[in-house]
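*Asks:* A predicted structure for the sequence below; I have some questions about it.
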Amino acid sequence: MELHDGMALHRFKHLKSTALMLLGAFSLLVGLVFLPLPPPFFGMVFIALGIPLLAAGSKRTRRFIQHLRWRYYRHNARIEYFLGKMPGFVRRHGQKTRPDGLMRSEKMAASARQRSKD
């Protein structure tokens, strides 16, 4: 009986992840289509909702977004500002993509390279 419950839980998590990924991709696509239309921030709302949905659905996507936020760190303050204004679900999953962990690991790797040169 426990094996069946475990399989059902795994199936539910997989279904939830797939639904989040599909909803996030749809929202992102709608945002990209509406981006050039007259109200300029209308498309950004859908994009801002789609990205955390994608991050909630896949660890790989979350790490990719985290890498993008690290690479374009100068825009990170604006992202944090907008995340503060979003609903709880979006804010929670957006905070999981903070690049702080990548910055720490990059600093540690740089200091290890420096030590190996000395």
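*Replies:* Structure received. For clarity, every value in this text was computed on a predicted model and none was experimentally measured. Numbers count the residues shown, from 1 in each chain.

*Asks:* so what's the closest residue to F89 other than its chain neighbours up against?
*Replies:* Nearest residue to F89, sequence neighbours excluded (C-beta to C-beta, 6 or more residues apart in numbering): P52, at 7.4 Å. All C-beta spots, glycine's among them, are computed from the backbone N, C-alpha and C. P52 sits next to G24, M86, F89, V90, R91, H93, G94, T97 when contact means C-beta atoms under 8 Å, 6 or more residues apart in numbering.

*Asks:* what helices or strands is the strand or helix carrying K13 leaning on?
*Replies:* Assessed by DSSP states H and E, K13 sits inside helix 2-34. Using 3 or more C-beta pairs under 8 Å, 6 or more residues apart in numbering; DSSP states H and E, the elements in contact with helix 2-34 are helix 42-57.

*Asks:* in the helix it packs on, what counts as buried?
*Replies:* If you call a residue buried by 16 or more other C-beta atoms under 10 Å, then helix 42-57 has these buried ones: 43, 46-57.

*Asks:* gap between that helix and the chain center?
*Replies:* Relative to the chain's own centre, helix 42-57 is displaced by 9 Å; criterion: C-alpha atoms, centre = their mean, to the nearest Å.

*Asks:* identify the residues contacting the helix or strand following that helix?
*Replies:* For helix 42-57, the following helix or strand on the C-terminal side (DSSP H and E) is helix 59-71. Applying C-beta under 8 Å, 6+ apart, the contact partners of helix 59-71 are 21, 51, 54-56, 75-76, 79, 93, 96-99, 101-103, 106.

*Asks:* mean confidence for helix 59-71?
*Replies:* Mean pLDDT, computed over helix 59-71, is 86.

*Asks:* what comes up buried for the helix or strand just after it?
*Replies:* Helices and strands here follow DSSP H and E; after helix 59-71, the next one along the chain is helix 76-85. By neighbour count on 16+ other C-beta under 10 Å, the buried set for helix 76-85 is I79, L83.

*Asks:* got a list of what the nearest residue to L23 once chain neighbours are set aside touches?
*Replies:* Distances taken as C-beta to C-beta, 6+ apart put L53 closest to L23, at 5.4 Å, once the chain neighbours are dropped. Counting by C-beta under 8 Å, 6+ apart, L53 touches L20, M21, L23, G24, S27, V90, H93.
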